[in-house]
Structure formats: structure tokens, C-alpha cells
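Asker: Next one to model:
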Amino acid sequence: MSLNRDIGIREAERHPRRLLEGLLYSSVFISCCGLALTAETYLLAGLPVSWAMAVFVFLATLFTYNLSSVQSIVRRPRQSINRHDPVWGQRHKRELAVLGLLSIAMAVGVYFWFGLRVDWWFLLHLAIISVGYTVPVLYKQRRVRPLRSVPLLKVFLIAYVWAVVTAMLPLLDAGMDVWQPETLWLFLRRFLFILALALLFDIRDFSYDRNMNTLTFPGWIGVRKTKLLSLGLLGLYMLVVLASGEAGVILWALLASALGAAVIVWRSAENRPRAYFAILADGAMLLHAGLVVLATVVAG
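Answerer: Below is the predicted model of the structure:
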């Protein structure tokens, strides 16, 4: 009886862990971060939240982050899957490919069904960056390396795409002029905040990128200086927030989110478990959005 009870306890403990791994490594969690930041943009602009746009961003993010699995399965549909591989994504590559294809199909459906007012040509340049970031292409019979392999470029691409998708797309859909100062301030703030967090993933991937001969900031200036650079970007973000005219509880929410992210940056290290980066580094975006939502409720 005792043995059966111990087995039952271990099985019960595994279920929450499996659920957490599924949320993190299937990219559902980070897609929720994209949804939250999109909703936050509407609140900061004083606009009603378009949940259709927020869901569109969620689905597009889910597709983008599972694109490598889609590419792998499409190119080699009969490949064997090692269910004992220590990497969660490798064990569930086929399921992630299906999830990615379903998410892009649903994103297209949401776009047309709800008539989102974002030009396809504008979305095209984001798609080119997102696909080119992960997928190598053939040009004149030569295999061109993905954009993430270009020295020092990776973090800037991540920050740009996230800032455009979560800050610019909602305002475009709302019919706002994206070149007005308030919009550009919001874009710059979002870019700086995401760029600071993106540097953490360079720290996480330091050994992998070094083995792949990809120059990143930790490989160029070292892990410690990369952390200081990230903290400097968060400091610059706070200065931009102060200069952009925010006030009251919204201002304090934005500054508090930067301080929370700074703590995560300071405690980061290459040998931290991947869950640290998946939960806390990505979670800093949820903290950012959550504090703004709370501030909006308090102010409203």
C-alpha cells in the first residue's frame, strides 16, 4: 500500500510539472505575453481593447515561435521522434508543428473575420523578418544562414518585431497615426524594454551560440557587461517613460515594471535553468502589462 501511495504521489506531482512544461516550451506562455502587451497598448492610448487584435497577436506569436518545428516536419515528414530526448521541444516536435500550422490558419481567419485594419504589406515585412530569423533560405543554389546567425543582430530583430507587433499594430488597427509623437514614444519604450530582456536570452544561449560560431553580446563583451548593458537599457527606458508625459499611477506602474525586470536581469546567469528565463524573463512582460492594467483600474 505504501509503495502504491508513493507512486500515486509521484504521478500527481508530475502532472503540474508536465502542464507547466507544455505551457512554457510550446510557446503558449510567451504568446500570452504578446496578448497582454497588445491589450496594454490600448489602455495606454486610452482606447477600448480590441480582443480580436490581441488574439491575432497571440496566434501569430504562437506560429512564429513554433516555426522551426513546422519547417523540420514539413521538410522531413517521416523523421523519427525520440520520445526520450531531454529537450522537450524535440520530444514533441510533431505536436508543435501541428500547433504552429493551426495557429497561423486561425490567425488568418481572425484577420479576415474581424476585418483587422492592418495593411498586408505592413505585415509582410514582419513575416519576412520572423521567417528569416529561423529558417535558412536558398539563393542561387546557396544556403543563406538565418538572420539569427548574423553577428549581434538577433536581439535587435526580436525587439523590433515585438515592439511593432504589440505597440504599432494595435494603434494601426484603431486608425491612429503611427507617426505622431505619442505613438513613437510608446514604440521606443516598448523597443527598449524588450531589447533589455532579449539580451538575457543571449546569456542563456551563450554556449550554444559560441559553438555555432554566432557572435552575440555575451561573446563580444562578456556576460557581466551584457547584464550591465541590459540594466542600462532599462534605465534609459525609465528616462524615456519620464520624458514621454506619463503621469500618476500609470507612470509608477511603468517604472515599477522596469525595476522588476532589473531584478530579473541582475540575477540571471548562463547556468540558470531554462525555466528561469521562460518564466521570469518572459514573465517580465506580463508584469509590465499587469501593473498597467492594475494602474488603469485604480485610476479609472
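Asker: residue contacts, residue 61?
Answerer: 27, 30, 31, 34, 35, 165 (CB atoms under 8 Å, 6 or more residues apart in numbering). All C-beta spots, glycine's among them, are computed from the backbone N, C-alpha and C.
Asker: what's the spacing between residue 172 and residue 296?
Answerer: Counting by CB to CB, to the nearest Å, the gap from residue 172 to residue 296 is 22 Å.
Asker: Looking at the two now, which is surrounded by more residues?
Answerer: In this view residue 172 and residue 296 are compared by other CB atoms under 10 Å, and residue 172 has more residues nearby, 20 against 17.
Asker: what residues are up against that one?
Answerer: Each residue near residue 172 by CB under 8 Å, 6+ apart is listed here: 117, 118, 119, 122, 178.
Asker: so it is in which element?
Answerer: Per DSSP states H and E: residue 172 is located in helix 169-173.
Asker: Same check on residue 111?
Answerer: Going by DSSP H and E, residue 111 is part of helix 93-113.
Asker: so whichever helix or strand comes after that helix versus helix 93-113, what angle?
Answerer: Counting by DSSP H and E, the element after helix 93-113 in chain order, helix or strand, is helix 120-134. With axes from the mean of the first three to the mean of the last three CA atoms, to 10 degrees defining the directions, helix 120-134 sits at 170 degrees from helix 93-113.
Asker: Just the residues contacting helix 120-134, thanks.
Answerer: Contact with helix 120-134 is made by 64, 67-68, 71, 146-148, 154, 157, 160-161, 164-165, 172, as judged by CB under 8 Å, 6+ apart.
Asker: If any of those residues are buried, give me the PyMOL selection for them.
Answerer: Buried residues among the contacts of helix 120-134 (16 or more other CB atoms under 10 Å), as a PyMOL selection:
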select buried, resi 64+67+68+71+146+147+148+154+157+160+161+164+165+172
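Asker: a markdown table for the contacts of helix 120-134, including pLDDT and distance to residue 246?
Answerer: Output for these, formatted as a markdown table (pLDDT from 0 to 100; distance: CB to CB, whole Å):
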| residue | pLDDT | distance to residue 246 |
| --- | --- | --- |
| 64 | 93 | 30 |
| 67 | 89 | 35 |
| 68 | 86 | 38 |
| 71 | 82 | 41 |
| 146 | 71 | 37 |
| 147 | 70 | 33 |
| 148 | 74 | 33 |
| 154 | 87 | 30 |
| 157 | 92 | 27 |
| 160 | 95 | 22 |
| 161 | 95 | 24 |
| 164 | 95 | 21 |
| 165 | 96 | 22 |
| 172 | 91 | 21 |
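Asker: would you turn the contacts of helix 120-134 into JSON lines with distance to residue 274 and secondary structure?
Answerer: Shown next, in JSON lines, are these (distance: CB to CB, whole Å; DSSP: H, G, I helix; E, B strand; the rest coil):
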{"residue": "64", "distance to residue 274": "19", "secondary structure": "helix"}
{"residue": "67", "distance to residue 274": "19", "secondary structure": "helix"}
{"residue": "68", "distance to residue 274": "16", "secondary structure": "helix"}
{"residue": "71", "distance to residue 274": "21", "secondary structure": "helix"}
{"residue": "146", "distance to residue 274": "21", "secondary structure": "coil"}
{"residue": "147", "distance to residue 274": "22", "secondary structure": "helix"}
{"residue": "148", "distance to residue 274": "17", "secondary structure": "helix"}
{"residue": "154", "distance to residue 274": "17", "secondary structure": "helix"}
{"residue": "157", "distance to residue 274": "21", "secondary structure": "helix"}
{"residue": "160", "distance to residue 274": "24", "secondary structure": "helix"}
{"residue": "161", "distance to residue 274": "22", "secondary structure": "helix"}
{"residue": "164", "distance to residue 274": "27", "secondary structure": "helix"}
{"residue": "165", "distance to residue 274": "24", "secondary structure": "helix"}
{"residue": "172", "distance to residue 274": "34", "secondary structure": "helix"}
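Asker: Turn the contacts of helix 120-134 into CSV, columns for distance to residue 256.
Answerer: Compiled in CSV, those are given as follows (distance: CB to CB, whole Å):
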residue, distance to residue 256
64, 29
67, 34
68, 35
71, 39
146, 36
147, 34
148, 32
154, 28
157, 28
160, 25
161, 26
164, 25
165, 24
172, 28
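Asker: Alright, I will stop here.
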